[in-house]
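Undergrad: pasting the sequence and the predicted coordinates here, then a few questions.
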Amino acid sequence: MLKKGTKLYSILTGTCPRCHEESMYVNKNPYVLGDLFKMHERCSHCGLKYKIEPSFFYGSMYVSYGVGVAFAVAAFVISFLFLGLSLVNTFIAIVVTLIAFMPIIIRLSRNIWINFFIKYEPDAAHQGASS
């Protein structure tokens, strides 16, 4: 279902957007909060520099807003429409969902942001550190 070479693969796995061979993050687990933002400087397979320019990932904050809204809408639909909770309990469910998924939302947003700018190049891993 998730095939290497698709944007969705790179976004959901957090792999290098150019070669899809290595995780961009030092620790793949987003719930290790001390390592949440720690990324490798470059991909060891294709040499892509992840922070294209200083403050590059500030743009992911805009993406984060949209991803957070999607998670909040999903929590609303599940809690209010499917489970039939009251509005107060639904609000609590939305807040708990956003707090619980905050590390995942941050990582997804960064993955989406970098994939806007970098395209997949299957033979990039063979080029070495030529970026």
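TA: Cool, the structure landed.
Undergrad: from the centroid of the protein, which residue is nearest?
TA: Centroid-nearest residue in the chain: Leu108, 1.7 Å away (criterion: C-alpha atoms, centre = their mean).
Undergrad: Ser10 is in contact with that one, correct?
TA: No: counting by C-beta atoms under 8 Å, Leu108 stays clear of Ser10, with 11.2 Å between them. Quick note: C-beta positions are derived from backbone N, CA and C, even for glycine.
Undergrad: who touches both of these two?
TA: Between them, Leu108 and Ser10 share no contacting residue under C-beta atoms under 8 Å, 6 or more residues apart in numbering.
Undergrad: send the alpha carbons of stretch 91-104 over as CSV?
TA: What follows is stretch 91-104, C-alpha atoms only, in CSV (Å, rounded to 0.1, in the frame of the first residue of the first chain):
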residue,chain,number,x,y,z
PHE,A,91,-14.6,19.4,23.7
ILE,A,92,-12.5,17.5,26.4
ALA,A,93,-12.0,14.7,23.9
ILE,A,94,-10.7,17.1,21.3
VAL,A,95,-8.3,18.8,23.7
VAL,A,96,-7.0,15.4,24.9
THR,A,97,-6.6,14.2,21.3
LEU,A,98,-4.6,17.3,20.4
ILE,A,99,-2.3,16.9,23.4
ALA,A,100,-1.9,13.2,23.0
PHE,A,101,-1.1,13.5,19.2
MET,A,102,1.0,16.7,19.5
PRO,A,103,4.4,14.9,18.7
ILE,A,104,2.9,13.1,15.8
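Undergrad: so what touches that stretch?
TA: 30-31, 33, 36, 68, 71-72, 74-76, 78-79, 85, 105.
Undergrad: pull out the buried residues from those.
TA: Pro30, Leu36, Gly68, Phe71, Ala72, Ala75, Phe76, Ser79, Leu85, Ile105 (16 or more other C-beta atoms under 10 Å).
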